[in-house]
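K.L.:
model this:
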Amino acid sequence: MTAAPYRLYGASHSLYTGKVRCYLRNQGIDYREVPTWHPDFAERILPRIGRGIIPVLETPEGQVIQDSIDIIDHLEAQGVPFPVYPSTPLQHIVAVIIEYYGCQAMLKHAMHYRWSYRAEQEAFLRCAFTLGSGADMADKIMGRMNSYLPRLGVNQASIPLIERSYHELLALLEAHFTQVPYLLGWRPSIADYGLIAPMFAHLGRDPVPLAVMQQRAPRVHRWVERMTAPGLDVVEYSQHAPAFFADDTLPATLEAVLRHIADEIFPELTDKLAFVQAWLDEHQPVDGSPVSERPQIRQVGMVQTRFRGADIEVGVEPYLLYLLQRASAVMQAQSADKQQALTVELKRLGLADALPVQHTYQVGRRDNLECWLKV
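P.N.:
Numbers count the residues shown, from 1 in each chain. Predicted structure coming up:
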């Protein structure tokens, strides 16, 4: 795409860095990865993004972009070999919902398997955090990450359900990848990039969950390898054009995955959306104002909800709107008849309520920070 390489500031064990890294590799984009302990990150990048967060992409022209969605969308606009957004509405909508599931709902699975089994994989984790952030910062960052478990809904009641959920997901994905190399067919979509976020950096790399994946779902492990390889690593499949499923269809194996996702994300997503709306009604934020009091704080409160029948309390991030409102926008761009047909399909899959209803605010981004935008 350009003679000069991009610079990706991130870490090998970072969930969202892994999402962007896979995209860069699959698309054949020349880049260099830079750790956060590099002087440039503190001296040049942090002042421009306003908070300590990764990944960050620096373009050859010097533009700085934070957040995996914004990075991918920026590169899509430049033109890439394998565009990630389906041109058909149902596939586009479910792809964004899968992205939400991987990047938000599966934080439970990823962080549980990393930190609840810390003793069993301490040496590996300490090495990763030392290489990524430096020895002086490793302990501090590991302790902070470990402390996030309760706010993600990881507790003694939910842990067995989280592990059962992971095992069920592996079985469903194993059946799907027996047929095709990617979620929506023969090239990766935004759904694959959303799911690879937890499935590589945590579940496909940390020793304990990696062993579970390798033993229970070798084809899923092979998909993780495929997603982290350059180009389309599909040698074991019959030759096929790098396209999504024809005619906006979803195969039965993918529908099974989507029903699993519906069982996972509700009622938590419904409760979070209701909390955000109540918060907006109470606070009436100024147009363009940050979504939270400080850039480092991404949550606006806690909500009581349930995960697979277990009582949990979780933090609420307005960022979920930033992600899912993209699916709502696809729906709203359709004719009335098409919207009705899509709603029927989403209801059949249990996912109709995953599209936020547009009220008075959306979440946008200004200067690499989430902000409230009046509609």
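K.L.:
how many neighbours does Glu43 have?
P.N.:
9 (other C-beta atoms under 10 Å). Using the backbone N, CA and C atoms, a C-beta is placed for each residue, glycine as well.
K.L.:
in the stretch 1-150 of the chain, which ranges drop under the pLDDT threshold?
P.N.:
Low-confidence segments of the stretch 1-150 of the chain (pLDDT under 70): 1-3.
K.L.:
So which residues of it form helices?
P.N.:
Counting by DSSP state H, counting those that start in this stretch, the stretch 1-150 of the chain has helices at residues 15-27, 39-40, 46-49, 68-78, 89-100, 107-115, 122-133, 135-146.
K.L.:
For stretch 296-306, what is the distance to the chain centroid?
P.N.:
In terms of C-alpha atoms, centre = their mean, to the nearest Å, the centre of stretch 296-306 is found 18 Å from the chain centre.
K.L.:
typo on my end, it should be stretch 19-39
P.N.:
17 Å.
K.L.:
got the buried residues for that stretch?
P.N.:
Within stretch 19-39, the residues scored as buried using 16 or more other C-beta atoms under 10 Å are 19-27, 29, 31, 33-34, 36-37.
K.L.:
Same check on stretch 237-252?
P.N.:
In stretch 237-252, counting by 16+ other C-beta under 10 Å, buried: Phe244, Phe245, Asp248, Leu250.
K.L.:
I'd assumed Gln91 was in contact with the last one.
P.N.:
Yes - because the distance of 7.2 Å satisfies C-beta atoms under 8 Å, Leu250 is recorded as touching Gln91.
K.L.:
what are the ranges of the helices in the stretch 251-375 of the chain?
P.N.:
252-265, 268-283, 319-332, 336-349.
K.L.:
quick one, domains of this protein?
P.N.:
6-78, 89-265, 268-374 (automatic domain parsing).
K.L.:
what separates the second one from the chain centre, distance-wise?
P.N.:
Spelled out, that is domain 89-265. 9 Å.
K.L.:
So what would you say the end-to-end distance of it is?
P.N.:
End-to-end distance of domain 89-265 (C-alpha to C-alpha, to the nearest Å): 21 Å.
K.L.:
same thing with the last one?
P.N.:
Across domain 268-374, the terminal residues are separated by 25 Å (C-alpha to C-alpha).
K.L.:
For the residue in the chain sticking out farthest from the centre, give me the pLDDT.
P.N.:
No residue in the chain sits farther from the centre than Asp337, which is 30.9 Å out by C-alpha atoms, centre = their mean. Looking at Asp337, its pLDDT stands at 98.
K.L.:
I'd like to know how far it sits from Leu210.
P.N.:
Distance of Asp337 to Leu210, given as C-beta to C-beta, to the nearest Å: 47 Å.
K.L.:
ditto for Asp311
P.N.:
In terms of C-beta to C-beta, Asp311 sits 30 Å off from Leu210.
K.L.:
I figured Thr305 hits Pro267, correct?
P.N.:
Yes - counting by C-beta under 8 Å, Thr305 does reach Pro267; the two are 5.8 Å apart.
K.L.:
Settle it for me: which of those two has more neighbours?
P.N.:
A direct count of neighbours by other C-beta under 10 Å for Thr305 and Pro267 places Thr305 higher, at 21 against 12.
K.L.:
Excluding chain neighbours, what is closest to the more buried one?
P.N.:
Asp271 (4.1 Å; C-beta to C-beta, 6 or more residues apart in numbering).
K.L.:
Could you do Gly132 as well?
P.N.:
Distance criterion C-beta to C-beta, 6+ apart; nearest residue to Gly132, sequence neighbours excluded, is Ala11 at 3.4 Å.
K.L.:
Next one: that neighbour from Ile54, what distance?
P.N.:
6 Å.
K.L.:
which neighbours do those two share?
P.N.:
Listed as contacting both Ala11 and Ile54 by C-beta atoms under 8 Å, 6 or more residues apart in numbering are Thr17, Thr36.
K.L.:
can you tell me which of the helices of the stretch 1-150 of the chain comes nearest to Val276?
P.N.:
Val276 lies closest to helix 89-100 among those, at 14.3 Å (C-beta to C-beta).
K.L.:
Which strands or helices does that closest one pack on?
P.N.:
Secondary-structure packing of helix 89-100 (3 or more C-beta pairs under 8 Å, 6 or more residues apart in numbering; DSSP states H and E): helix 190-201, helix 252-265, helix 319-332, helix 336-349.
K.L.:
Could you give the average pLDDT over the first one?
P.N.:
Looking back up the chat, that one is helix 190-201. The average pLDDT for helix 190-201 rounds to 98.
K.L.:
Could I get the buried residue list for that helix?
P.N.:
Across helix 190-201, burial judged by 16+ other C-beta under 10 Å covers Ile190, Ala191, Asp192, Tyr193, Gly194, Leu195, Ile196, Ala197, Pro198, Met199, Phe200, Ala201.
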